[in-house]
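Q: based on what follows, work out the 3D shape:
(one chain, ligands or ions: 1)
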Amino acid sequence: MEIEITPLKSIDGEITVPGDKSISHRALIFGSLANGQTKVYNFLTSEDTLATLNILKSLGVDIRQTDSNELIINGEGLHSFCEPLDVLNAKNSGTTIRLIMGVLAAQDFYTVITGDDSLRKRPMKRVIEPLSKMGGRFYGRKSGNYAPITILGSKNISSITYHSPVASAQVKSAILINALYANGVTTVIEPYKSRDHTERMLRYLGANILEKENIVNLEGPAYNLYGKELFVPGDISSASFFLVASLITKNSSILIKNVGINPTRIGILKVLKMMGANIEIMNERILNNEPVADLLVKSSKLTAVEIKGEMIPTLIDEIPILAVAATQAEGKTVVKDAKELRVKETDRIKAITDELRRIGINIIEKEDGFEINGKQKIKGNCICESYNDHRVAMSLAIAGLIAENPIKIKNFECVNISYPNFLETLNSLI
Ligand code: S3P
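A: The predicted structure is shown next:
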């Protein structure tokens, strides 16, 4: 589906954004590993999370969708899974394939897991290496790095101390999930702290897990996980498109309610505030170990920033939309240390530089980021590629709001990966 975005003057209103994608995946997986019933509210129903849901069903878990955004999972504990009849398909979802590998490595059966064209090109060794050390056996394409991956799980999982070369919550979570089955304490040490939804949810459900800065310790075996009610906060990654939309359009004001503001995810808020954004964080509260707030955002004059180092994991998914904000900021915005963007749903450094250039922006591509001189005009009048990457597609749509001419975006249905109602929400603000 190709869409056309026409420039507009201002946006205004109150919205909610869909449930957090990372937390929705974890609710499904941990609810399945726990004993008893888990009720999930404000679950994100999207292509990525449905991939996780369908895989868990194929592994024999009783999961029922009771409403569009509500689920009941009848968990029967760590050893309740059965060998699936067919190949498991994680579709476009890195979180699905990597976290589920943590589960499968500890099952005494044979599985094959694959994904779509994009996922089959993404590196899996980062997960396979630690999980193999813990006892599972893995076979994949190109020396074991790429899906489809065959997994021969083990009944005897060993605890480990693992220094992860990348700050990746998917890697950390796969190890911690596998460690639920191990005897003793597993330790994961990251170069910088990545998002900690796994740690928070596992602790909430009863696991013995401790975090200190970039080090996590989990004591297994975790037979003491019990199902509970889980409320999924709104996804700050989805909210960020509307934060930037409101900032860069004139006379705009948006209230976004119930957004997750986990400290490992709020790099976008910190950077936008450093850029001069008028964002008020209101009504802060804690829901099942996750902080939540309402965000009031108003049009602002932005100035350039440098984004690098330990900030990067806290805003990794928001860099495409930050690039759009940077086109309107006074001065040169520099993004570095973000090489991980090259192994996301698409090579996001290349995608964002190519497509911003197409709409009229001067941007310099670097190996680990990019540089943008601000205060540029977005000319539009072109057809953009989305590369089937949801975050690239939505970032370009927001850029289109302030273009001089309409822009078209190809394959816009890819927003169904994380934000099926994106256009409806945008239209409600016009
Ligand atoms: C995610 C972790 C991040 C993020 C992805 C979701 C998660 O990936 O980019 O969208 O839910 O654990 P990495 O672990 O590759 O950094």
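Q: show me the contacts for Val259.
A: Residues counted as contacts of Val259 (C-beta atoms under 8 Å, 6 or more residues apart in numbering) are Val17, Pro233, Gly234, Asp235, Ile236, Ala239, Val292, Ala293, Asp294, Leu295. No exception for glycine: its C-beta is placed from N, CA and C like everyone else's.
Q: now tabulate those in JSON lines and tack on distance to Leu401, secondary structure and pLDDT.
A: As requested, the contacts of Val259 are exported to JSON lines (distance: C-beta to C-beta, whole Å; DSSP: H, G, I helix; E, B strand; the rest coil; pLDDT from 0 to 100):
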{"residue": "Val17", "distance to Leu401": "17", "secondary structure": "coil", "pLDDT": "98"}
{"residue": "Pro233", "distance to Leu401": "26", "secondary structure": "coil", "pLDDT": "98"}
{"residue": "Gly234", "distance to Leu401": "21", "secondary structure": "strand", "pLDDT": "98"}
{"residue": "Asp235", "distance to Leu401": "20", "secondary structure": "coil", "pLDDT": "99"}
{"residue": "Ile236", "distance to Leu401": "20", "secondary structure": "helix", "pLDDT": "99"}
{"residue": "Ala239", "distance to Leu401": "16", "secondary structure": "helix", "pLDDT": "99"}
{"residue": "Val292", "distance to Leu401": "27", "secondary structure": "strand", "pLDDT": "98"}
{"residue": "Ala293", "distance to Leu401": "25", "secondary structure": "strand", "pLDDT": "98"}
{"residue": "Asp294", "distance to Leu401": "23", "secondary structure": "strand", "pLDDT": "99"}
{"residue": "Leu295", "distance to Leu401": "19", "secondary structure": "strand", "pLDDT": "98"}
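Q: and which of those residues is nearest to Leu131?
A: Asp235 (27.4 Å; C-beta to C-beta).
Q: ok, now how distant is that closest one from Ala323?
A: Relative to Ala323, Asp235 is positioned 19 Å away (C-beta to C-beta, to the nearest Å).
Q: hmm, back to that, out of the contacts of Val259, which comes closest to the ligand?
A: Among those, Asp235 lies closest to the ligand (C-beta to the nearest ligand atom), at 10.1 Å.
Q: so that closest one touches Asn421, yeah?
A: No: contact between Asp235 and Asn421 fails when scored by C-beta atoms under 8 Å: they sit 11.9 Å apart.
Q: mutual contacts of these two, please.
A: Shared contacts of Asp235 and Asn421, counting by C-beta under 8 Å, 6+ apart, come down to Pro18.
Q: more neighbours: those two, which one.
A: Asp235 (25 against 17; other C-beta atoms under 10 Å).
Q: the ligand contacts on this structure?
A: Ser22, Gly94, Thr95, Ser168, Ala169, Gln170, Ser173, Ser194, Arg195, Ile316, Asp317, Glu340 (C-beta under 6 Å from any ligand atom).
Q: now, those that are in helices?
A: Per DSSP state H, helices hold the following members of the residues of the chain next to the ligand: Ser22, Gly94, Thr95, Ala169, Gln170, Ser173.
Q: Throw those residues into a markdown table and include pLDDT, thanks.
A: As requested, those are arranged in a markdown table below (pLDDT from 0 to 100):
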| residue | pLDDT |
| --- | --- |
| Ser22 | 99 |
| Gly94 | 98 |
| Thr95 | 98 |
| Ala169 | 98 |
| Gln170 | 98 |
| Ser173 | 99 |
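Q: any idea which of those residues is closest to Asn156?
A: Using C-beta to C-beta, these come closest to Asn156 at Ser173, 21.4 Å.
Q: could you look up the SS state of the closest residue to the closest one other than its chain neighbours?
A: Leaving aside its sequence neighbours, Ser173 sits nearest to Thr198 (C-beta to C-beta, 6 or more residues apart in numbering; 4.2 Å). Three-state call for Thr198 (DSSP: H, G, I helix; E, B strand; the rest coil): helix.
Q: the nearest residue to Val166 once chain neighbours are set aside: neighbour count?
A: Nearest residue to Val166 in three dimensions, chain neighbours excluded: Arg126, at 6.0 Å (C-beta to C-beta, 6+ apart). Neighbour count of Arg126, defined by other C-beta under 10 Å: 18.
Q: in a helix, Arg126, correct?
A: Yes: according to three-state DSSP, Arg126 belongs to a helix.
Q: which residues touch Met311?
A: Gly267, Lys270, Val271.
Q: same thing but 10 Å
A: Shown in contact with Met311 (C-beta atoms under 10 Å, 6 or more residues apart in numbering): Tyr192, Gly267, Ile268, Lys270, Val271, Met274, Val305, Val335, Asp337, Ala338.
Q: same question for Ala174.
A: By C-beta under 10 Å, 6+ apart, the neighbours of Ala174 are 95, 97-105, 124, 126-128, 130-131, 134, 168, 188, 198.
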